[in-house]
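> take this sequence and fold it.
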Amino acid sequence: MAVVTDRAYRQTLSAALAYRKPGIEDLVSNSNVIWNTIRRNGNYRSFDGPEIRHHLQIDKQSAQWYTGYDKLKNPPVELFNDAVFMPSTVAVPISFSGTELRANTGTRLIPLMSSYIDAAENSMRDELEIAMVGDGTGQNGRSLVGLGAAVPIVTNTGTYGGISRTYPIWQTSTYDANSAFPDIGTQVDSTTIRPMLSRILAQRSRGTRAADLLIMSQEHFEALEQSMVAHQRIVNQTRLGELGFSALEFLGSGKRAEAVLASGLNSSMPANTTYGLESRSLYLYYRESLNFDMLFDGDGAMPINQDAIAQYLAWEGQFVVGNPLFSWRLYDSAP
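As a prediction, the model looks like this:
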């Protein structure tokens, strides 16, 4: 038997969650710079089936100069393959006791539902922000595979998307400020941060392809900010800055990148770290039927031995760095 027998009351939670779904998705996007960038670039993509298959070009044809009757070569080349990722699922509970529901019938029920959904939205946003910079080991390996694993410190061991990191085309780069730039310095500070970033961008770019998004810890962001004279400290108001992110525009080695502060209260961003990301290579795959949706249909789950109703706000998908070559990590092992 349902805790609240009036069908209009019983369906209030389902209706409220359905109505709030677009707002929940916007809340997450507008509070997370990586998520927002991916949506802005059109790389927020749905998937179906048991796994996520991201298509890759793993080789290229060899061009040949020729003249006259030279024989043209046409060797077999495996051009494409797939990286395979398993989806991760996160759920936030929204539960009510029968006592709460009976005490909040009529119009009082709507504010009660709204308060619980507000709390669930914030919990979902916080958990996804933590996961986006994590290494996927959270919750015994059930967490989203974030930047910690996608752009690791050790770049040539293990696998990513089922592909060995020993393949050069599947490796990111890592730079330890303590040893990578002996001619610049051994620590990140206001005098070394700009030449270090410029050096990395020069080495890890090709043509128009390079990291254009710098996710920075507080230490690195402050060093970059202090390295700029007053008129250069202009928050970028055309893209991420207008959403409220602490953002600076960095120019170096002929490349332009948005530098964003990722640290803050309860942040899981590693200290003394900058992730350099090529934004067009970032993807988020989501399951169409579980994209900030209700986990259970209708009223939710009603335990047989409890006077309560339980529902969950859930999301399923995976974060993918589709071309690791132009993404990198700068860290300071001896700050």
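> which stretches of the stretch 151-300 of the chain form helices?
193-203, 218-227 (DSSP state H, counting those that start in this stretch).
> just put those in TSV and tack on mean neighbour count and distance to residue 134.
Any C-beta I mention is one placed from the backbone N, CA and C, and that applies to glycine too. Listed next are the helices of the stretch 151-300 of the chain as TSV, based on neighbours: other CB atoms under 10 Å; distance: least, CB to CB, whole Å:
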stretch	mean neighbour count	distance to residue 134
helix 193-203	20	23
helix 218-227	20	18
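> so can I have TSV of those helices showing distance to residue 290?
Shown next, in TSV, are those (distance: least, CB to CB, whole Å):
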stretch	distance to residue 290
helix 193-203	38
helix 218-227	34
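> these: which one's closest to residue 112?
Nearest to residue 112 among those is helix 218-227; the distance by CB to CB comes to 38.4 Å.
> the closest one vs helix 193-203, what angle?
100 degrees (axes from the mean of the first three to the mean of the last three CA atoms, to 10 degrees).
> who's in contact with helix 218-227?
With contact meaning CB atoms under 8 Å, 6 or more residues apart in numbering, helix 218-227 is reached by 188-194, 197, 216, 233, 246, 248, 250, 259-261, 263-264, 271-274, 330, 332, 335.
> what stretches of the stretch 51-200 of the chain score poorly on pLDDT?
58-59, 78-80, 104-110 (pLDDT under 70).
> show me where it has strands.
Along the stretch 51-200 of the chain, the segments classed as strands by DSSP state E, counting those that start in this stretch run 52-57, 80-85, 88-97, 159-160, 163-164, 173-176.
> can I get those in a markdown table including mean neighbour count and distance to residue 323?
Below are those laid out as a markdown table (neighbours: other CB under 10 Å; distance: least, CB to CB, whole Å):
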| stretch | mean neighbour count | distance to residue 323 |
| --- | --- | --- |
| strand 52-57 | 15 | 8 |
| strand 80-85 | 16 | 10 |
| strand 88-97 | 18 | 21 |
| strand 159-160 | 16 | 12 |
| strand 163-164 | 14 | 12 |
| strand 173-176 | 18 | 13 |
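> of those strands, which is nearest residue 295?
Using CB to CB, those put strand 88-97 closest to residue 295, at 5.7 Å.
> helix, strand or coil for the nearest residue to residue 288 once chain neighbours are set aside?
Of all residues not flanking residue 288 in the chain, residue 46 sits nearest, at 4.4 Å (CB to CB, 6 or more residues apart in numbering). The assignment at residue 46 comes out as strand when based on DSSP: H, G, I helix; E, B strand; the rest coil.
> cool, residue 38 as well?
Reduced to three states by three-state DSSP, residue 38 is helix.
> retrieve the pLDDT associated with it.
pLDDT, residue 38: 93.
> need phi/psi at residue 75.
With angles defined as degrees, to the nearest 10, residue 75 sits at phi -70, psi 150.
> how many other residues sit next to it?
6 (other CB atoms under 10 Å).
> the residue nearest to residue 288 touches residue 286, doesn't it?
Yes. With contacts counted by CB atoms under 8 Å, residue 46 reaches residue 286, the gap being 5.8 Å.
> who has more neighbours out of these two?
Neighbours of residue 46 and residue 286, each counted by other CB under 10 Å, are more numerous for residue 286; the result is 19 against 11.
> just checking, that one touches residue 45?
Yes. Residue 286 lies in contact with residue 45 (CB under 8 Å); the separation is 7.4 Å.
> give the helix, strand or coil label for residue 315.
Residue 315 is classified as strand under three-state DSSP.
> quick one, what contacts it?
89, 90, 91, 124, 128, 286, 290, 291, 292, 293.
> so which of these comes closest to residue 178?
Of the contacts of residue 315, the one sitting nearest to residue 178 (CB to CB) turns out to be residue 128, at 32.1 Å.
> ok, for that closest one, nearest residue in space, not its chain neighbours?
Nearest to residue 128 is residue 28, by CB to CB, 6+ apart, at 5.8 Å.
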